[in-house]
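Participant: sequence first, predicted model second:
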Amino acid sequence: MTAATREIWFVTGSQHLYGPEALKQVADNARAVVAGLNGGGKLTVPLVFKPVMTTSDDIRALCLEANGNPACAGLVLWMHTFSPAKMWIGGLTQLRKPFVHLHTQANRDLPWATIDMDFMNLNQAAHGDREGGFMHTRMRLERKVVVGHWQDAEVHDRLGAWFRAADGWADLQGAKFVRWGDNMRNVAVTDGDKVAAEIRFGYSVLSHGVTELADAVGQIGDAEAERLCGEYEHQYEVGKDLRAGGAKRSALVEQARIELGMRSFLKAGGYKGFTTNFEDLGALKQLPGLAVQRLMADGYGFGAEGDWKTCTLLRAMKTMARGLKGGTSWMEDYTYHLEAGKELVLGAHMLEVCPSIAAAKPTLEVHALGIGGKADPARLVFSAPPGRGLNAALMDLGNRFRLLVNEVDVVVPPALPKLPVARAVWKPLPDFKTACAAWIYAGGAHHSSFTQALTPEHLRDFATIAGIELVNVGPGTDIERLRQELRWNEIYYHLGQGLGRV
Ligand code: MN
């Protein structure tokens, strides 16, 4: 299912007690709400009106239809009138698609001078949605609740965030990711339970020996690789030594061959992302640098050192961020500036940072790499622009997955004339010491998915849909309260999910 064909269903609850005339009015109002929400410009997936629900049989049939329709990425539920919630049990016990509960009302203002009991009975979300909400809570259903009039800009923003999360979630269902080589030897946080991940997140992570990738790369001819180098010259700042006839041209051609080989492999397998491992590059002549950067820019998930969890998270975040200002990249907390009160994190990786976060046109360079024992790899070099961003990491804690978010203020770095790698420099929030301590107490990975497009709300909505723990570190985080939250969550997830769940 492609993004272009996804949709979210708008489902209005009512009952037969009110008579056909009132139900027609309910349907008309629901259509107006759908049109208004679609017209607001914040929903990235079309909202589709569904018939007003008045019986348990209809509700059950609708939920089963949602499950079976791959286009349906989720549901918006709204109880326009009272809709006795026992009618919803049969459907909601079956529903496998995420839903958001919109607590709104057709009219914004009460008609004080004319209001009568008919009006009161027709516009009953105030207690119809409470009845619905009781059942959602009674059934322990994870959902987002959005409150306010449907023309309120803030309601559009809250729903818009959830639609992005639902889109990212739908994209992961049935998705395949390829690992070329296994986990980097002895590294802990990059590893984890792929069976648990498939049960929880709906994607599968499949391994192929790096020899198969090397074979695909070996099939790319010089002429094809040269043609791609021509594209590079148009897109990036390219020095003379990398242009045709230049001393390092052959290194660039080799990286182009790697890119084309990776692309053909990913396309043939229908993969949405991939991991590499610099300990296991087989016959590849260079570490994939530029190739990985460009594939990430095209929306592929990526993880270095076999890190499939960050790879899949990056893919989800790139899907959620589509069309927003600001980029999203694989990232690593690399090294610190520890001047008291002015501490900074320099984020980068060996090579693999996505040019979607570049503040200016990247430069294409070839340099030696002191690690990995391969030929000098080509890479794009740039800095991320200043502004608010966040890092997100997904860890397997043995009994559950934890999604950890830290909001950061990206700053313009000083000149870095000797550092031939793409980077972002940031100040973590609420402050360096609290943020780093919080990240470490939470078992946060050294790899993350960095974004200047998404906000914590997108990640929170995604975690709610996935039914996983979300820990946010940002303005207002108090380290001792956060430590308590982590302790309480241990008990909550242990008791709530029990044995045999993930
Ligand atoms: Mn790393």
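Facilitator: Great, that's in hand.
Participant: got the contact list for the residue nearest the centre of the chain?
Facilitator: Compute the mean C-alpha point of the chain, and by CA atoms, centre = their mean the closest residue is M317, 2.4 Å away. Taking CB atoms under 8 Å, 6 or more residues apart in numbering, we find M317 in contact with 168, 328, 392, 449, 451, 454, 458-459. To be clear about C-beta, it is placed using only N, CA and C from the backbone, and glycine gets the same treatment.
Participant: which parts of the stretch 351-500 of the chain are helices?
Facilitator: Along the stretch 351-500 of the chain, counting by DSSP state H, counting those that start in this stretch, helices occupy 432-441, 456-466, 479-497.
Participant: at the contact with the ion, which residues of this protein appear?
Facilitator: Listed as neighbours of the ion in the chain under the rule CB under 5 Å from the ion: 304, 332.
Participant: show me where pLDDT drops low in the chain?
Facilitator: 1-4, 498-502 (pLDDT under 70).
Participant: before we move on, back to that, now the helices of the stretch 351-500 of the chain as CSV including mean neighbour count?
Facilitator: CSV is the format used below for these (neighbours: other CB atoms under 10 Å):
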stretch, mean neighbour count
helix 432-441, 18
helix 456-466, 22
helix 479-497, 13
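Participant: quick one, which of these is nearest to A85?
Facilitator: With CB to CB as the criterion, A85 lies closest to helix 456-466 of those, at 20.4 Å.
Participant: neighbouring contacts of the closest one?
Facilitator: Residues outside helix 456-466 that contact it (CB under 8 Å, 6+ apart) are 74, 98, 142-144, 158, 161-162, 164-166, 168-169, 200-201, 316-317, 320-321, 390, 392, 401, 403, 405, 407, 469-470, 472, 474.
Participant: farthest from the middle of this protein: give me that residue.
Facilitator: Extreme point of the chain relative to centroid (CA atoms, centre = their mean) is A113; 48.4 Å.
Participant: distance of it relative to the ion?
Facilitator: A113 is 67 Å from the ion, where distance means CB to the ion, to the nearest Å.
Participant: so that residue: helix, strand or coil?
Facilitator: At A113 the chain is in coil, as set by DSSP: H, G, I helix; E, B strand; the rest coil.
Participant: relative to F119, how far out is it?
Facilitator: A113 sits 11 Å away from F119, going by CB to CB, to the nearest Å.
Participant: Q94: neighbouring residues, count only.
Facilitator: Look at Q94: counted by other CB atoms under 10 Å, it has 15 neighbours.
Participant: and it, helix, strand or coil?
Facilitator: The three-state assignment at Q94 reads coil, by three-state DSSP.
Participant: right, and it touches C63 too?
Facilitator: Yes: between Q94 and C63 there is a contact under CB atoms under 8 Å: 5.0 Å.
Participant: strands along the stretch 1-150 of the chain, start to end?
Facilitator: Secondary structure of the stretch 1-150 of the chain (DSSP state E, counting those that start in this stretch): strands at 7-13, 47-49, 72-79, 99-103, 144-147.
Participant: of all the ones you listed, which lies closest to L344?
Facilitator: With CB to CB as the criterion, L344 lies closest to strand 144-147 of these, at 34.3 Å.
Participant: name the next helix or strand downstream of the closest one, please.
Facilitator: helix 153-172 (DSSP states H and E).
Participant: could you check the angle that next one makes with strand 7-13?
Facilitator: Between helix 153-172 and strand 7-13, the angle comes out at 120 degrees (axes from the mean of the first three to the mean of the last three CA atoms, to 10 degrees).
Participant: helices and strands around helix 153-172, which ones?
Facilitator: The elements that helix 153-172 packs onto, with contact taken as 3 or more CB pairs under 8 Å, 6 or more residues apart in numbering; DSSP states H and E, are strand 72-79, strand 99-103, strand 144-147, helix 308-320, helix 456-466.
Participant: please identify the deepest-packed of those.
Facilitator: Of all these, helix 308-320 has the most neighbours on average by mean count of other CB atoms under 10 Å, namely a mean of 28.
Participant: so how far is it from its chain's centroid?
Facilitator: Taking CA atoms, centre = their mean, to the nearest Å, one finds the center of helix 308-320 at 5 Å from the center of the full chain.
Participant: same question for stretch 413-423.
Facilitator: 28 Å.
Participant: hmm, who's touching that stretch?
Facilitator: The contact list for stretch 413-423 (CB under 8 Å, 6+ apart) reads 293, 334, 346-351, 353, 355, 357-358, 362, 365, 367, 379-384, 425.
Participant: which parts of the stretch 251-400 of the chain are strands?
Facilitator: Under DSSP E, counting those that start in this stretch, the stretch 251-400 of the chain gives strands at 271-275, 301-303, 328-337, 344-348, 363-366, 378-381, 387-396.
Participant: what number of residues lie near the residue of the stretch 351-500 of the chain found nearest the ion?
Facilitator: In the stretch 351-500 of the chain, the residue that lies nearest the ion is H447 (5.5 Å; CB to the ion). Counted with other CB under 10 Å, the neighbours of H447 add up to 26.
Participant: what does P111 give?
Facilitator: Neighbours around P111, by other CB under 10 Å: 9.
Participant: now N277
Facilitator: If you count neighbours by other CB under 10 Å, N277 ends up with 21.
Participant: over to I357?
Facilitator: Counted with other CB under 10 Å, residues neighbouring I357 total 27.
Participant: need the contact list for the closest residue to it other than its chain neighbours.
Facilitator: With sequence-adjacent residues excluded and distances taken as CB to CB, 6 or more residues apart in numbering, I357 is closest to G327, at 3.6 Å. By CB under 8 Å, 6+ apart, the contact set of G327 is 354-358, 384, 451-453.
Participant: tell me, how many residues neighbour E142?
Facilitator: Residues near E142, counting by other CB under 10 Å, number 13.
Participant: I figured it hits G467, correct?
Facilitator: Yes: the pair E142 / G467 is scored as a contact, 5.2 Å apart, by CB under 8 Å.
Participant: number of residues surrounding D129?
Facilitator: For D129, the neighbour count with other CB under 10 Å is 25.
Participant: also G270?
Facilitator: By the measure other CB under 10 Å, the count of residues near G270 is 10.
Participant: for E131, which non-adjacent residue is spatially closest?
Facilitator: For E131, the spatially nearest residue (CB to CB, 6+ apart) is A85, at 4.8 Å.
Participant: the one you found and R130 touch, don't they?
Facilitator: No: using CB under 8 Å as the test, A85 is too far from R130 to be in contact (9.4 Å).
Participant: which one's more surrounded, the two?
Facilitator: Shown here are A85 and R130; by other CB under 10 Å, A85 has more neighbours (20 against 14).
Participant: quick one: contacts for the more buried one?
Facilitator: Listed by CB under 8 Å, 6+ apart, the contact set of A85 reads 131-132, 134-135.
Participant: export those residues as JSON lines, with columns for neighbour count.
Facilitator: Shown next, in JSON lines, are the contacts of A85 (neighbours: other CB under 10 Å):
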{"residue": "E131", "neighbour count": "17"}
{"residue": "G132", "neighbour count": "23"}
{"residue": "F134", "neighbour count": "11"}
{"residue": "M135", "neighbour count": "17"}
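Participant: A188 should be in a helix, yeah?
Facilitator: No: in this structure, A188 is coil, not part of a helix, as judged by three-state DSSP.
Participant: give me the number of residues near it?
Facilitator: Residues lying near A188 (other CB under 10 Å) number 11.
Participant: now do the contacts for F177.
Facilitator: By CB under 8 Å, 6+ apart, the contact set of F177 is 203-206, 271-275, 301, 308, 311-312, 315.
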